[in-house]
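Trainee: Dropping the sequence and predicted coords here.
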Amino acid sequence: MVILTLLFMTDVPSWSDPYPLAWTSAGASAILIIAPICAACAAWEGGRLRRARWFAWPHVRSTTIVVLTILLPTLVVGLLMIVVALLFQIITSGFVFIPDWRVLSMAIIVLFAHVLLGFAMGVRIPIVVSLPMVFLLSFAWIELPNTLDDPLWLRHLSGIWTFCCLVSTNLAPQAWIGALLVAIGMISMASVLLLQRLRLWQALVSVVPLVIGVGVGAYMVQDLDAFPAVARDEGVLVCSTSQPRVCVWPEHETRLEEVAALATEASMAWRQVGVIVPDEFTEGAGGDRGIGSFGFSMETDRYTLFNSLSRSVLPPVANCEGQGSVSPREVQTYLVAWLNSVAGMPAEALVARANAQIRDTIATVQLLPLEEQQIWFERNLIALEQCGVPPQLEPLP
């Protein structure tokens with residue numbers, strides 16, 4: 001189990017930001033192999049009780065005590081493997097973090113649900129059938145939804161959120177609740193199957209709690225896309241005292257001073273050519289013309305930061321697909337390149353962000369007087385925002 005868990009973790013995507021939620025989600029994704037194996041082990045233990053006809057004879061200890069006693073070693077092994085996966089993530093990330101309680105608690109609940117249902121299946125079905133069936137069904141429920149193109153939200157019900165979440169997002173509450181309802185349905189089904197004198201109609205009805213759990217859980221998550229995430233609370237942003245103000249997520253606080261200095265430097269250069277600069281640059285959603293929204297990671301270099309700040313100065317791009325020979329997206333590329341050049345980005349850095357034609361055009365524009373450069377910028381800014389307005393990318397002779 002340790003070897004399999006570590007091998008699995010070597011293929012889990014890593015994150016560049018020290019965001020505990022993201023690293024915990026990646027670590028907890030090891031449940032993909034932990035839960036099916038532990039469920040199969042539980043089915044084996046259930047098969048032992050089936051062969052001994054334990055449920056057919058009177059017994060002093062309650063069923064709950066006996067079941068938990070038998071399953072304790074399997075559960076402990078599963079929990080230890082979750083710890084191994086999270087320790088692997090802590091070592092890989094390079095920083096010590098407290099695992100996110102929502103992801104960790106769901107991993108534990110999912111493990112318990114799969115193990116208990118696997119045990120119940122082992123009690124009621126011959127071991128030669130129940131063990132492989134439990135393993136395959138457990139694995140399929142966790143993994144197969146990830147291979148489907150539609151519906152994407154189905155994958156969230158397994159309680160394993162490998163790609164949650166970007167530093168700008170948070171775990172969607174409905175994803176957690178939906179996965180919890182499914183787990184409760186599995187536990188309820190197992191509880192019915194473990195009744196001492198199980199009748200046929202009770203065995204048939206045992207699937208009802210699971211169907212209800214999946215149904216209600218699906219209703220909870222149906223509005224989510226491929227990622228079980230919602231926008232993060234911007235109240236946690238850390239802001240500078242500089243002008244313009246710069247706000248970053250807490251995980252990027254160590255680079256706040258650097259980003260603030262770059263924003264101040266770029267803003268001074270842009271104002272000299274008549275560009276209206278936002279009063280604030282934020283990693284949040286922004287949405288106000290006086291606030292520029294940008295993003296970066298701990299691995300982002302200086303010039304990529306420049307590029308991100310340049311984009312945040314521009315308004316949203318109009319959706320004019322099929323209207324005109326030059327798309328607003330192309331206009332945006334020219335304007336960003338010009339803003340980068342004005343802010344002092346060297347030619348070698350600009351090469352990686354703009355093709356030769358764009359660089360030649362921008363070089364020509366920068367030879368114009370400042371007033372004409374401002375006219376060129378404002379003309380193309382209108383073409384960026386509005387459909388039907390042709391841009392003037394090449395400066396007039």
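Mentor: In hand now; what should we look at?

Trainee: Strands along the protein, start to end?
Mentor: 169-171, 229-231, 238-239, 245-248, 280-282, 291-293 (DSSP state E).

Trainee: I'd like to know which of these is closest to residue 371.
Mentor: strand 291-293 (24.3 Å; CB to CB). Any C-beta I mention is one placed from the backbone N, CA and C, and that applies to glycine too.

Trainee: Name the surrounding residues that touch that closest one.
Mentor: Strand 291-293 is contacted by residues 278-287, 309, 312-313 when judged by CB atoms under 8 Å, 6 or more residues apart in numbering.

Trainee: Over to stretch 100-111?
Mentor: Outside stretch 100-111, the residues that reach it (CB under 8 Å, 6+ apart) are 20-21, 24-25, 28, 31, 34-35, 38, 75, 78-79, 82, 86, 158-161, 164, 171, 176, 179-180, 183.

Trainee: hang on, isn't residue 220 packed against residue 176?
Mentor: No - the pair residue 220 / residue 176 is not scored as a contact, 9.3 Å apart, by CB atoms under 8 Å.

Trainee: circling back: and the strands of the chain, which one is worst for confidence?
Mentor: Note on these: lowest mean pLDDT is at strand 291-293, with a mean of 88.

Trainee: And that strand, how far out from the chain middle?
Mentor: Centroid separation for strand 291-293 versus its chain: 23 Å, with CA atoms, centre = their mean, to the nearest Å.

Trainee: Sheet partners, orientation included, of that strand?
Mentor: strand 280-282 (parallel) (DSSP bridges).

Trainee: And for the strand it pairs with, what's in contact with it?
Mentor: Residues contacting strand 280-282 (CB under 8 Å, 6+ apart): 234, 237, 239, 244-248, 259, 263, 290-294, 309, 312.

Trainee: how close does the residue nearest to residue 110 when sequence neighbours are not counted sit to residue 88?
Mentor: Distance criterion CB to CB, 6 or more residues apart in numbering; nearest residue to residue 110, sequence neighbours excluded, is residue 159 at 4.2 Å. If you measure residue 159 against residue 88 using CB to CB, to the nearest Å, the figure is 20 Å.

Trainee: more crowded one of the two?
Mentor: Comparing residue 159 with residue 88 by other CB atoms under 10 Å, the one with more neighbours is residue 159, at 28 against 19.

Trainee: Just name the most buried of the strands of the chain.
Mentor: strand 280-282 (a mean of 24; mean count of other CB atoms under 10 Å).

Trainee: could you list every residue that touches the nearest residue to residue 236 once chain neighbours are set aside?
Mentor: Leaving aside its sequence neighbours, residue 236 sits nearest to residue 250 (CB to CB, 6+ apart; 5.8 Å). Residue 250 makes contact with 236-238 under the criterion CB under 8 Å, 6+ apart.

Trainee: what do you get for residue 46?
Mentor: By CB under 8 Å, 6+ apart, the neighbours of residue 46 are 118-124, 130.
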